[in-house]
Each structure stands twice: as structure tokens, then as C-alpha cells.
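Participant: 3D model of this:
(3 chains)
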Amino acid sequence: MEKKLLRLTVNGEYHELYIKPKKLLVEVLRDELGLTGTKRACDTASCGACTVLLNRVAVKSCSILAMQTDGAEVITVEGLANGAKLSPLQRAFLDYGAYQCGFCTAGMLMTATGLLNENPTPTKEEIKEGIQGNICRCTGYNSIIRAIKAVAEGKYKEEE
Amino acid sequence: MKKYSVINSPVHNIDGIAKVTGRATYAFDVKLPSMLYGKILRSPYPHAKILNIDTSKAERLNGVKAVVTGKDTLGIKQGIWRRFKELCDEEILSRSKVRYIGEPVAAVAAVDEDLAEEALDLIEVEYEPLAAVFDPVEAIKEGAPQLHENAERNINVTRHIEWGDVEEGFKEADYIREDWFRCSSQHHVCMETHNAVASYTPDRKLTVWTSTQSHYYIQVLLAWTLGLRENDIRVISRYTGGGFGSKFELDSAQFCASLLSMKLFRPVKIVLTREEEFIATKRRTPMFYYLRTGVKKDGTFLAKEGRVFTEGGAYTSMGATALYLTGFFQAFPYVWPNYRYDGYRVYTNTEPSSAMRGFGAPQATFAAETQIDLIANDLGIDPIEIRRKNAMYAGYEVPGQAWIQSCGLRECLDKVEEWIKSRGKLPLNRGIGIAAYGFMSGGIFNWFDTPYAFSSAMVKVNIDGKVDLYIGSQDMGQGSNTTMAMICAEELGIRLEDIRLHMGDTDICPVDLGAWGSRETLMQGNAVKMASAEAKQQILEFAAAKLAPNIVYDLDIKDRWAHLIARPERGISYYDVVIEAIRGRDGQPIIGRGHYTPHRKGMISPAYSFGVQAVEADIDPDTGKISLINCVTAHDCGQVINPLAVEGQLEGAIAMAAGYGFTEDLPMDEGKILNPNLVDYKVLRAREMPETKVIEVETYEPEGPFGAKEAGEGLTNPTAGALSNAIFHAAGVSIKNLPITPEKVLNALREKDDKKEQ
Amino acid sequence: MSYKCPVCGKIWPDTMNLARHIFGTGDQAHKDWVNSKGLNFVELLLLQTMEPGNKGYKILAELLEKDAEKVE
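Facilitator: Now for the predicted structure:
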């Protein structure tokens, strides 16, 4: 199978990669670029652990062929912080203990980031709806919902 | 009330930054130079002889480096109940027979995953299918297919617990009830599937990165099955993406990756797919329960007789423990003057059933608590009142089994009663149900046959006051890393940021048996406290020399200040005294060692947590659909160490236990699991969660560090029972068959209406 | 008065506890001993669950009262 050229900006950095056309976006991110923060936990696009932002919208990177993202901008969990300055959501997650084993956390943060991009002041119901596609087996979700709500209520400003 | 500087305050989890920035490297993420990818071929038959395996075509595929089968192993039947040879019955890569669909038969290592997968199709296995049996009651019949040579009638293990005389008890009883329950299976659904990267190097040392709850167990089991020296194996598990009981036994990924790497002297990575995770790991033990209970007409409990058959699946695994614990917790948390339990674990040609959060207690609590509400209803007694009348209390001895030293059960009942009253009159089709529970804080029985202390720890104080804390415990999300650091900081009198934690590596860490049976807080916690106290003592020697107080004064360190307890203003900075202490000891860092093994603590555990949970749920009478509204839990875990973690464990437990109650199931057809994916297997998601509230009831447990007991597994016990009771109170139907699906609710409602009409 | 297990020598305070130990250990040696005494290990176990009254254990306990070594 002939490899094709993929031009992709990930976390603000431009990459040119030769990849097999059947490769999924999540495989390119994890295996070609070594960005293992994004996880995989199912084969049926059901769990959300692989969520990333594609042109600012949260998508399951296991359900997209990498070639479909040619020319696009992707943000993964590694792109949320700026050096030691964590994003408001990351800080809220720390304060509220909104993670336990941490395996779903990257996907959860990206889904939440995408949600707040679209709707900066969601209600609790809208938050629940927003993360309905992300499975967490550890936390029971309520701490995650509290963390996202706190950010939505403006309790966490972007750090200077 | 003692005041604590570190424990019982909300703190950031010490792995927090790594986890929220994507920097935490799980075994799932490990990639090594020259690494190969492995895949496992699994049996399509529930019961078959392996006549021949031809791997030649697979080996010839370009890019395939090795294929292994049972012939390449030492043929060791391993198991985790090492103390009893007969229970070590599982060969990974069986040489003669397969006993469940999904059992590993061969493994391949290739340059990429796709090639490895392709190679599997080229392996030719000649099977002779045998008659199979799937139901324990069928499996014990004469003439049923026998799975294991030494297990007549497929009886794997039996357990019997007895005190008093139940026949006498029943004679005295005013009222006797018999009920049958069916407790389903359940899958752990860890977000990180089982996996391993095994690397065998030319110096004949094996390193295995894996997702596990006990690196020590994996090290020992690999040594045994591979014929290696225990300490020539290094198991690394810095982060584990969920365990819940599924990851402290040797699994096919770990064994096959190691075997392949030993053949090739290259790293081999095997990651189970979600489907393999469902069909070929382990699962919650399904149980068939019979309970006969006798009480006085005022609700006083007199006698209970339980008989349980469990569907063991193909191998013993940890099933023997679940069998005992279900019988023990069946009598919890009440005073039963007369009790008898007989449990039978029966081999069947299905995926082995083993340990899952609660370990037999959720099944026991579901059956017991559902029956108690039925009895209370029959006798016209309030559900809280009947529990209060019979509740365990501090100082009670479960005859021949356990001493209950701390017990906040009555207060838990009071708190939940208060909450229920505050709800007032409920709308139509809504009910509140309760369930009381207790759970162990680590087990006393050495079924693994370890010669080591059950838990050990080491503390090293460096010149700048930074402390290295070495522990053997495994954090799989329950927060033990943070809890141990907090215990160390509290005891040593320093802050969390002064601690550098070392865990998850058998090369470096002292032995701890692992994160299961709710043992870490009590057992590893006690070891950490002892090590910290020993280090502190050495530092205080120098502080005392420096401060030269009157002999009546004793010293302590709090918040980096070494001082006279009675006169805290007289002291010296921790940093200064550490420098003196190291200088005074030939320039050696201060080292403290700690360990813990329960001695003479009864048959089960040194300490028990208690609680009461209330579930408020709606039923839709037209569809049978259940919605969870509220879940309030009053929990006694002794002294809370890590409050954010306790709350997190509670909410997580509710999601998992509610799933057990009404959404999760593993339906099988002739031993084949029908829903091995996350679309058809329904775990709770965000919208299905109720509002949750945790009420901490504080007691002091003398066996635990700072008085602490478990929190996390006990919390999984009550929800299924509380839910069935909520439905009983909402709609007048009692469903004794898990999971409580809409179909079952509708059928029960129809039956009830039919009876009314008659 | 205590009772010694005829197979492995462990001491128990009464015959019911000794019976529980024999059934619970369930290894070949313990099974063989019970079967050599004219009883059937598996049948006794199943009797325990098929009929009320602790029958399986009682029968084994009676045998042990006669056949097990008593220790002070």
C-alpha cells in the first residue's frame, strides 16, 4: 500500500508525514508523533478516550482517517497547557479530583474544551449531555461535571 | 479531637499534573526500540481437546518473527491460590485442552499489529470438540462433562461457615421466609485494557511493563511459569488505567509477551482488544442464592441459612475467595445468633469468574438486603427500624470469625433516616430503598503463600529535607499514592511537597501484596506510618540533643517544626535538624523501615468499614425504565485520610454498583458472550448518574493508620440491594434476579396486576 | 478435647470444625480418606445442599467422632 503525504498542524506545530491511507488519526498522533496522551479504549468508537479537537471541534480520533485531516489543526491534551500554565479546565480537574486512574482524562478534557468552545456557559444538563460520549469507569462523572461547571461559571480565569 | 496537618484535607492528587497533561505513561503507551507486536489466537470452542497445532504457514509470513504454543511453555498449571496446589489449574497456552471460548492457544510476534493479526489466521489448530456445560446446577449432575480431572462433579471448592444452631433458631422464630436470588456476572471495563510490553535481554533478565494491581504477584507468577529467578524479573507499573479486581492475576498478555520475548530477545508488546478484554480475562462471579431466614415478630433476627452455587467458569482463579466472602458478608452487618452458609463453586465452560470490586459481597448484600425489606414489609416494621434493632456494634464478635472494633453503623442509619425524612412525600412511581453494608479492610489469609510481610515501606530523609518514600502498593486510580504520601507527611511532620514517591517497580519497591481486597489504606498505610515514625525518631534524637529539654518533655515534628509538644514554641526547624542528624550519622541519610502483617486478627480482616445507602429511583410503569434520582450514603471509614479520594471512590462505586443493579449483564449463548463491546455492554454514562451525597461518619479504628479503614470497595456493596428496595417501595414488586431490566420490571408489574384481578 | 485430622494432623476443637476443614481443603488426600471409609466425599457435599439439616457435615462429623484421633 502506497504511503501518502499528510500535512497536519498538531498543538501549533506543523508536520509533514508519510502514512498509509488506512491509518486512523489516533494512530498517527500516538504512533507517528509519539503523542501518547490521547488513548484508545475500544474498537467501536463508543468510549471517547481518543477525543481530540479538530479545527476546535471535539471529535473521536479513532473514527477519522488521518488523511481526512490533511491541512487541518488538531489539538491534543498535550496542547492544553502552556509550559507550567495549565488551562482553566486542567486546574479545575485538579481541584475537584475529576480523574482517578486518568485513562479517560485526556478525552474528557478535550470533550470539555470543545464543549466550552461552543457553549461557554452550559447548564449542568448540557454538561452531562456534552460528556455523554465519554466513558469514565472510576469517577462516576459527578466530580467531572462539578469541575466543568466551575469553569463555566468563571471561577477559573486563564493564567497570565 | 486530634488536629491533623495533612490528612483529612482536600489535596491535589500527587499524580494529578501528570494525568491532566497527558504525561502519565501507562504500559499501554510504552514503545521500545526494536519492539515487536504480538497477538493471541484463542479457542472458538467452549470445551475441546487440542489435537495438533500447525504454525508453519504463520511462521513463514514475511514480518512474523515467532509463533508460540503450549509446546514452548513449561506446561505449568498456575493459579493465584498457591497455598493449595489443587487450585492451581490454569495453564496459559494449554497443551491439551481448552475449557472456555477465548482461551489462549497460540501467540504471534510480528513487526506490526496488522501482520500479527494476519498470522493468526494462518495458524491451523485441530480441535476435537467435547461436550460442554454452562450452568453450575447442570454441571454437578452425574454424567455432566468433567472439566478437570481431579474435580468430580465439577465441584471446584466448597466453603462452610457456621455458628450457633440454625435449626434451633428456626424453631424459635415467629416468622420464616425463603427466597431465591440470581446474581449476574459483570465486567470490570477498565479503560486501559490488559496489556504488557515484555523485554528479555541477553543478560537473561526480563523486564515487563504492564497494567496491573500487583507488580509483586506478576513478578512471582512469571518467575514460576517461565522458570526464571524471581528477582531476575522486573515488573514496572507506574500508572494503571483501572483494575477493579481484574488485574492481579497473571494474564495472557503478560505471559505470551514474555514467552515471545524470551524466544526473540526483543521487546514484544501485546495489548488486548476490548473484545478480548470482555471474553478472555476474568469477571464477577455469578451466583445462585438460596436464603432461609427466621425472625421474631418484633423483627429480631434469629437464624439465617444460606446456600450458594457459583458459576466458576473454567478455572479457579480468585473464585475461592469470592465464595468465602459472599458467605461471610451475607451475615453483615447484623447480629445473627445462628447462621449457616454452604457455598459451592462449580466449574463450567465459561470465562473464569474471579474477583471484582466487592468480591462476593455485592451479591451477598443484594440478596440479604432485599430479603430484609421483604421481611420488614411482611411484619409491618419500618426498614430502618428493623436494621437498627439488629445492627452490629463496636465490640461485637462474629462468633469464630471477626472482632468488630470500630462500627459507626447506627449513626449511619440515623443520618440516612434523617435524609429520607427530609424528602417528604414522594411523587407517584418513585421509591426510596436502603441497604446497609460492611466490608473488609484487607484480608488476613495468606492464600498466595508469600514469605514476605503483607506490606512494607521505606523512608529516606535527604540533606535538603526531601523524603524518598518507597512503597509497594499500586495506585490504579483509587488514590493510594496520594494517601500514602499524606500518611507519611502527617507522621513525619512535613508537607506533601517534601515527598518524592517511588512505586510501581519491583526493582526498587518493597513488597506489598497489591491493590485488592481494600487492603492498601490499612496495610500499606500502617507500614508507611511505621517507617515514617522510625525516621522521625532518629531525627528527634538530634532535636532533643539540640534543644536539651527537661526529661519530662516529649518531642514531635509538625509542619516542618521539631518541637516540645507541651511547649511548641521551643523547637528547631525540621530542615536544620535533618542536617544535624545526617552529619551525626556519618553523613548517611536517615532511613526508616516499616511493615505490616495481620496476626491473630480473626478469619477475614483486621477491620471493617460500615455504611448505609439510600437510593431514590423512578419507574416508568409503561416501559419499566428506571431512572436514578438521588443516592445518599452514610459511610464509616474510620478516620478519613484523603477526603477528595473518598468522595471520588463513592461516586465511582455508585456508577459501577448501579450498573450491576440495572444495566450491566453478560448474556451468553453456549458459553459465548453476546455483547463483548461498549455499545452493547451498558455501563453508566454521565446522564444516568443520580445526584450523590456522601455523609462521613467518623469513628476511630485502632487497627488502621490514624484510625483509618477502607473506602471504595465496601461502597460497591449496597447499590443493587438499595435499588431493588427502591423499586419495591415504588411499585410493590421485588425483583430478585439481576440486572433489574425494564423487561423484568414490566413482567413483575403485569404479574402483580394479574394477581390483583384474580 | 480436640480432634486431629487423620490426613494432615491439624488440630480442631470439635468434629464439626474438623469436618469443615476436610470439606474445605478438598484436596485428593482428604477426599481419598473420606472415600476409603465407605462414604462418598462428593455425595456428602451435595447432600448438604440438597437436604435441610446440615446432613452432609453431620454424617462426616459422626465418622470423625469414631475415627479421628482425640487429643487433650
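Participant: Tell me how many other residues surround B:Phe382.
Facilitator: Phe isn't right for residue B:382; it's Asp. The number of residues packed around B:Asp382, counting by other CB atoms under 10 Å in any protein chain shown, is 12. Backbone N, C-alpha and C define where each C-beta goes, glycine included.
Participant: In contact with it, which residues?
Facilitator: B:Ala376 (CB atoms under 8 Å, 6 or more residues apart in numbering or on different chains).
Participant: same question, B:Cys190
Facilitator: A:Cys101, A:Phe103, A:Arg137, B:Ser211, B:Gly241, B:Gly242, B:Gly243, B:Phe244, B:Ser246, B:Lys247, B:Glu277.
Participant: so what's whatever residue of the stretch 351-500 of chain B ends up closest to chain C up against?
Facilitator: Nearest residue of the stretch 351-500 of chain B to chain C, counting by CB to the nearest CB: B:Gly400, 8.5 Å away. By CB under 8 Å, 6+ apart, B:Gly400 lies in contact with B:Trp163, B:Met603.
Participant: How about the one 5 residues further on?
Facilitator: For B:Gln405, the set of contacting residues under the criterion of CB under 8 Å, 6+ apart consists of B:Ala394, B:Gly395, B:Ala607, B:Glu701, B:Pro702, B:Glu703.
Participant: Test my guess that B:Arg687 contacts A:Gly133.
Facilitator: No - the pair B:Arg687 and A:Gly133 does not pass the contact test of CB atoms under 8 Å, sitting 10.6 Å apart.
Participant: Near residue 44, how many other residues are there?
Facilitator: Since no chain was named, I'll use chain A. Around A:Thr44 there are 13 residues (other CB under 10 Å).
Participant: looking at chain C here, not the other one
Facilitator: When neighbours are defined as other CB under 10 Å, C:Leu44 has 21 of them.
Participant: which phi and psi does the residue of chain B found nearest chain A have?
Facilitator: Residue nearest to chain A within chain B (CB to the nearest CB): B:Gly22, separated by 2.1 Å. When quoted as degrees, to the nearest 10, the phi and psi of B:Gly22 stand at phi 80, psi 10.
Participant: In contact with the one residue sitting closest to the centre of chain C, which residues?
Facilitator: Geometric centre of chain C, nearest residue: C:Ala19, 3.2 Å, by CA atoms, centre = their mean. C:Ala19 makes contacts with C:Tyr57, C:Leu60, C:Ala61, C:Leu64, as judged by CB under 8 Å, 6+ apart.
Participant: Regarding the residue of chain A found nearest chain C, what is its secondary structure?
Facilitator: For chain A and chain C, the shortest gap (CB to the nearest CB) falls at A:Arg137, measuring 34.6 Å. Classification of A:Arg137 using DSSP: H, G, I helix; E, B strand; the rest coil returns coil.
Participant: cool, B:Gln649 as well?
Facilitator: Using three-state DSSP, the structure places B:Gln649 in helix.
Participant: from what I can see it touches B:Thr716, true?
Facilitator: No - at 9.3 Å, B:Gln649 does not count as touching B:Thr716 under the criterion of CB under 8 Å.
Participant: longest helix of chain C?
Facilitator: helix C:55-67 (DSSP state H).
Participant: swap in chain A?
Facilitator: The single longest helix within chain A, with elements called by DSSP H, is helix A:105-118.
Participant: Briefly note if that helix comes near chain B.
Facilitator: Yes - using CB under 8 Å from any CB of the partner chain, helix A:105-118 reaches chain B at A:Thr105, A:Ala106, A:Leu109.
Participant: pLDDT on that helix, on average?
Facilitator: Mean per-residue pLDDT for helix A:105-118: 98.
Participant: tell me the domain boundaries of chain A?
Facilitator: Domain segmentation of chain A under automatic domain parsing yields A:4-79, A:88-152.
Participant: More neighbours: B:Arg687 and A:Gly133, which one.
Facilitator: A:Gly133 (17 against 12).
Participant: Return the alpha-carbon coordinates of stretch A:99-114 using PDB.
Facilitator: Extracted in PDB, the C-alpha atoms of stretch A:99-114 (Å, rounded to 0.1, in the frame of the first residue of the first chain):
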ATOM      1  CA  TYR A  99     -10.000  11.900  37.500                       C
ATOM      2  CA  GLN A 100      -8.800   8.800  39.200                       C
ATOM      3  CA  CYS A 101      -6.900   6.300  37.000                       C
ATOM      4  CA  GLY A 102      -6.500   9.000  34.400                       C
ATOM      5  CA  PHE A 103      -7.000   6.900  31.300                       C
ATOM      6  CA  CYS A 104     -10.200   8.700  30.200                       C
ATOM      7  CA  THR A 105      -8.900  12.100  31.300                       C
ATOM      8  CA  ALA A 106      -7.400  13.300  28.100                       C
ATOM      9  CA  GLY A 107     -10.500  12.500  26.100                       C
ATOM     10  CA  MET A 108     -12.700  14.000  28.900                       C
ATOM     11  CA  LEU A 109     -10.600  17.300  28.900                       C
ATOM     12  CA  MET A 110     -10.800  17.600  25.100                       C
ATOM     13  CA  THR A 111     -14.500  17.000  25.000                       C
ATOM     14  CA  ALA A 112     -15.000  19.600  27.800                       C
ATOM     15  CA  THR A 113     -12.700  22.000  26.000                       C
ATOM     16  CA  GLY A 114     -14.700  21.600  22.800                       C
END
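Participant: who touches the residue of chain B closest to chain A in this structure?
Facilitator: A:Leu35, A:Thr36, A:Gly37, A:Thr38, A:Thr76, A:Val77, A:Glu78, A:Ala106.
Participant: Could you rerun that using 10 Å?
Facilitator: By CB atoms under 10 Å, 6 or more residues apart in numbering or on different chains, B:Gly22 lies in contact with A:35-39, A:76-81, A:102, A:105-106, A:109-110, B:29.
Participant: picking that back up, give the phi and psi angles for the residue of the stretch 351-500 of chain B closest to chain C, as a check.
Facilitator: The phi/psi pair for B:Gly400 (degrees, to the nearest 10) is phi 70, psi 0.
Participant: Show me what B:Asp556 is bridged to.
Facilitator: B:His563 (DSSP bridges).
Participant: tell me which element the residue of chain A found nearest chain B is part of?
Facilitator: Residue of chain A nearest chain B, by CB to the nearest CB: A:Gly37 (2.1 Å). Using DSSP states H and E, A:Gly37 sits within no helix or strand.
Participant: and the helix or strand of chain C with the lowest mean pLDDT, what does it pack onto?
Facilitator: Across the helices and strands of chain C, mean pLDDT, DSSP states H and E gives its lowest value to helix C:41-50, namely a mean of 84. With contacts defined as 3 or more CB pairs under 10 Å, 6 or more residues apart in numbering or on different chains; DSSP states H and E, helix C:41-50 has these neighbours: strand B:155-163, strand B:301-313, strand B:338-347, helix C:15-25, helix C:28-36, helix C:55-67.
Participant: Would you tell me what the next helix or strand after the last one is?
Facilitator: Right, the one you point to is helix C:55-67. strand C:69-71.
Participant: Likewise for the first one?
Facilitator: Scanning the chain past strand B:155-163 towards its C-terminal end, the next helix or strand to appear is helix B:166-172 (assignment: DSSP H and E).
Participant: Check whether that following helix comes near chain C.
Facilitator: Yes - using CB under 10 Å from any CB of the partner chain, helix B:166-172 reaches chain C at B:Val166, B:Glu167, B:Phe170.
Participant: and the residues you listed, which are buried?
Facilitator: B:Val166, B:Phe170 (16 or more other CB atoms under 10 Å in any protein chain shown).
Participant: Reformat the residues of helix B:166-172 next to chain C into TSV and put distance to B:Phe288 and pLDDT next to each item.
Facilitator: Shown next, in TSV, are those (distance: CB to CB, whole Å; pLDDT from 0 to 100):
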residue	distance to B:Phe288	pLDDT
B:Val166	20	94
B:Glu167	23	93
B:Phe170	22	97
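Participant: Just the closest of the residues of helix B:166-172 next to chain C to chain C, please.
Facilitator: Using CB to the nearest CB, B:Glu167 comes nearest to chain C of the residues of helix B:166-172 next to chain C, at 6.5 Å.
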